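Asks: structure for this input, please:
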Amino acid sequence: MQIAIDGPASAGKSTIAKLIAKRLNFVYCDTGAMYRTVTLLAKDNQIDYGDMSSIVQLMDEHSIKFINKDEGQDVLLDDQNVSDEIRSEEITNNVSQVSAIKEVREKLVDMQRQLASDTDIVMDGRDIGTTVLPNADVKIFLIASVEVRAQRRYKENIERGINTSLKTLEDEIAARDYKDSHREISPLRKADDAIEVDTSNMTIEEVVAKVLEIVQANK
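Replies: Numbering: from 1, shown residues only. From the prediction side, this is the model:
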């Protein structure tokens, strides 16, 4: 079974997808972490985030792997755990540019489809239901207001020791929404057959319950 969870930045995709996968005993795949890892690869090698040929070459020279754990997923770059590094402000603010590169998306989409080909999976991202898994059994599109999403990101940053103002985060999230929804390749959009869930005024457990209800209805 394939469950696709899409939506804009900080709508709760990864949090909900992890919990759904755990409840159903499915494999979890955070596709956004893949793009973040490629962005980190460019940063560490001092490559411009728009330099397609150099970034693609780096992808051929390095490996990205996942280790599923009870609490979610670790991301490995050449066997080094980069799960925390890819959540830095630098990576967050530049991943949209790297994600917009056609050749990067093609390589990662192939990897994502391979992961989903022979297992029950919950996959989250921005183009899962529209591009990566267009025939997914269940498609969820999570949304929330910019203000609510900024508050969530602010709380996460404080827990990580990152001090960025709420206003700055609101501006960054709005800018990222624009970039993600206006990119030429696989823009962020709700699949025609996806079910939209507004998480703005819902607790995590309420969202999980709603998604599980939708999954059960489509089994």
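Asks: every contact and neighbour count from this point should use C-alpha atoms.
Replies: Will do.
Asks: leaving out chain neighbours, which residue sits closest to the spatially most central residue of the chain?
Replies: With distances taken as CA atoms, centre = their mean, residue 32 lies nearest the centre of the chain, 3.0 Å away. Nearest residue to residue 32, sequence neighbours excluded (CA to CA, 6 or more residues apart in numbering): residue 125, at 5.5 Å.
Asks: the one you found and residue 8, how far apart?
Replies: Separation of residue 125 from residue 8 (CA to CA, to the nearest Å) stands at 8 Å.
Asks: hang on, the earlier thing: A helix includes the residue nearest to the centre of the chain, no?
Replies: Yes. Residue 32: assigned to a helix according to DSSP: H, G, I helix; E, B strand; the rest coil.
Asks: what sits against it?
Replies: 124-126 (CA atoms under 8 Å, 6 or more residues apart in numbering).
Asks: quick one on the thing from earlier: how many neighbours does the residue nearest to residue 32 have?
Replies: 25 (other CA atoms under 10 Å).
Asks: who's it bridged to?
Replies: Taking DSSP bridges, one obtains residue 6 as the residues bridged to residue 125.
Asks: just checking, it touches residue 3?
Replies: No. Assessed by CA atoms under 8 Å, residue 125 is found out of contact with residue 3, at 11.3 Å.
Asks: tell me which strands the one helix or strand in the chain whose mean pLDDT sits lowest pairs with, and in which orientation.
Replies: Least confident helix or strand of the chain, by mean pLDDT, DSSP states H and E, is strand 64-69 with a mean of 84. Strand 64-69 has the following strand partners under DSSP bridges: strand 72-77 (antiparallel).
Asks: which residues touch the partner strand?
Replies: 18, 28-30, 33, 37, 62-68, 81-83.
Asks: mind checking how far the residue nearest to residue 32 is from residue 162?
Replies: 24 Å.
Asks: for this protein, which residues score under the pLDDT cut-off?
Replies: For the chain, residues meeting the criterion pLDDT under 70 lie at 71-72.
Asks: run through the strands of it in chain order.
Replies: 2-6, 27-30, 64-69, 72-77, 80-81, 121-125, 138-143, 195-198 (DSSP state E).
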